[in-house]
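J.: no sequence on this one, just coordinates:
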């Protein structure tokens, strides 16, 4: 995976990063969203201090990430349970069909 430079402008600063080219669009979008969330937080907090707004946004993003991880873990558990139920049902069906005597025999 070849790295390529990307220039991102957010929070009033320019960052030059080396990342895989296929991630450039998503990084631009992430920088845009971060900039937007910090701007909104500054307005809600009625502050001009970027660092305070960034800290609150970082805490909110960490909390959201943690919630998503919990949701994914729960969904994974539900899917694993469903797979086990299907597997047990298939095994039950296979056991019943292999134990049945044929209705007729060929001689």
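T.: Great, that's in hand. Since the model is a prediction, treat every value here as computed from it, not as a measurement.
J.: Let's check: the centremost residue of the protein is which one?
T.: When C-alpha atoms, centre = their mean is applied to the chain, the residue found nearest the centroid is residue 68 (6.9 Å).
J.: Look up how far residue 25 lies from that residue.
T.: 21 Å (C-beta to C-beta, to the nearest Å). To be clear about C-beta, it is placed using only N, CA and C from the backbone, and glycine gets the same treatment.
J.: what pLDDT does the residue nearest to the centre of the chain get?
T.: According to the model's per-residue confidence, residue 68 sits at a pLDDT of 98.
J.: Please apply the same query to residue 94.
T.: The pLDDT attached to residue 94 in the predicted structure is 88.
J.: The one helix or strand it maps to packs against which elements?
T.: Secondary-structure assignment from DSSP states H and E places residue 94 in helix 50-99. Using 3 or more C-beta pairs under 8 Å, 6 or more residues apart in numbering; DSSP states H and E as the contact definition, the elements that helix 50-99 packs against are helix 24-45.
J.: Give me the residues contacting the helix it packs on.
T.: The list of residues contacting helix 24-45 from outside it, by C-beta atoms under 8 Å, 6 or more residues apart in numbering, reads 4, 6, 8-11, 15, 17, 19, 48-50, 52-54, 56-57, 60-61.
J.: Only whichever of these are buried, select them in PyMOL.
T.: The buried residues among the contacts of helix 24-45 can be selected in PyMOL (16 or more other C-beta atoms under 10 Å) with this line:
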select buried, resi 6+8+10+11+53+54+56+57
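J.: Need the mean per-residue confidence for stretch 7-25.
T.: For stretch 7-25, the per-residue pLDDT values average out at 94.
J.: And that stretch, end to end?
T.: Between the start and the finish of stretch 7-25 there is a gap of 11 Å, counting by C-alpha to C-alpha, to the nearest Å.
J.: Equivalent analysis for stretch 43-52, please.
T.: 12 Å.
J.: go on, stretch 40-59?
T.: First-to-last distance for stretch 40-59 - C-alpha to C-alpha - comes to 15 Å.
J.: Much appreciated, bye for now.
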